[in-house]
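**Student:** Here is my input; please provide its structure:
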Amino acid sequence: MEEKVLKIFKIKMFEKEVVKIGIINNKLSYIGFERDNIHDFYKNYKIRNVLKNDEFIKYIEYLKKFENREDFELNFDELSLPNLTDKQIDILKELCKLKYGEYKTYSEFAKDINKSDYTRFIASCMSKNPILLLIPCHRLISKNLDIKYRSGREIKSFLLKNNF
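**Tutor:** Modelled structure (predicted):
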């Protein structure tokens, strides 16, 4: 069994929040507030793809743009996404077109991208989002307004409340 090496970095974002970034085996895998229990998150976590070790600085630069609500475009060809299908990547690319403060239900989003019968598939894609915040899965919400987010409800609530 492969040993999981967890590294945690802390950065100050959103004026007063300390954000933890979790790296397992040199792969970005978590982002959440300092007060969140990152170890509970990792108990049954399956390591996903994401950024290569040398791209971590690029991720931080993108996070700064995100924090300042600056527009940026992710180049999906530069990302390491071996665990995602082309169909899933296409959904994530469409999701990146949502702007700051623009929120939709899963079914509204599915309809907008002409995939009305993909609502469950889209929800599944969001749970596999490899680059939290930068691929803004937090901008999709359920019809009943139940807040679910891989890195916890608290950070998603904060992002929604503050129009990220």
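**Student:** Any chance you could list what contacts whichever helix in the chain runs longest?
**Tutor:** Across the chain, the longest stretch assigned as helix under DSSP state H is helix 56-67. With contact meaning C-beta atoms under 8 Å, 6 or more residues apart in numbering, helix 56-67 is reached by 11, 13-14, 23, 28, 51, 71-72, 74, 131, 133-134, 164. C-beta: built from backbone N, CA, C; applies to glycine.
**Student:** any low-confidence regions in this structure?
**Tutor:** 1-5, 26, 37-54, 150-152 (pLDDT under 70).
**Student:** Spatially central, which residue of it would that be?
**Tutor:** residue 132 (1.7 Å; C-alpha atoms, centre = their mean).
**Student:** doesn't residue 18 make contact with residue 12?
**Tutor:** Yes. With contact defined as C-beta atoms under 8 Å, residue 12 counts as touching residue 18 (5.8 Å).
**Student:** re the thing from before, give me the nearest residue to the residue nearest to the centre of the chain, chain neighbours excluded.
**Tutor:** residue 31 (4.7 Å; C-beta to C-beta, 6 or more residues apart in numbering).
**Student:** ok but that neighbour is inside a helix, no?
**Tutor:** No. Secondary structure of residue 31 (DSSP: H, G, I helix; E, B strand; the rest coil): strand, not part of a helix.
**Student:** For it, which residues count as its bridge partners?
**Tutor:** Residues in a beta bridge with residue 31, per DSSP bridges, are residue 21.
**Student:** Looks like it contacts residue 22 (just checking).
**Tutor:** Yes. If you go by C-beta under 8 Å, residue 31 and residue 22 touch, sitting 7.3 Å apart.
**Student:** Compare these two and say which is more crowded by neighbours.
**Tutor:** Neighbours per residue, other C-beta atoms under 10 Å: of residue 31 and residue 22, the larger number sits with residue 31, 24 against 20.
**Student:** Please, which helix or strand holds the closest residue to residue 23 other than its chain neighbours?
**Tutor:** Spatial nearest neighbour of residue 23, excluding adjacent residues (C-beta to C-beta, 6+ apart): residue 7 at 4.4 Å. If you go by DSSP states H and E, residue 7 is part of strand 6-13.
**Student:** angle of that strand against helix 56-67?
**Tutor:** When axes from the mean of the first three to the mean of the last three C-alpha atoms, to 10 degrees is applied, the directions of strand 6-13 and helix 56-67 differ by 30 degrees.
**Student:** Contacts for strand 6-13 next, please.
**Tutor:** Contacts of strand 6-13 (C-beta under 8 Å, 6+ apart): 18-24, 34, 38, 42, 60, 63, 67.
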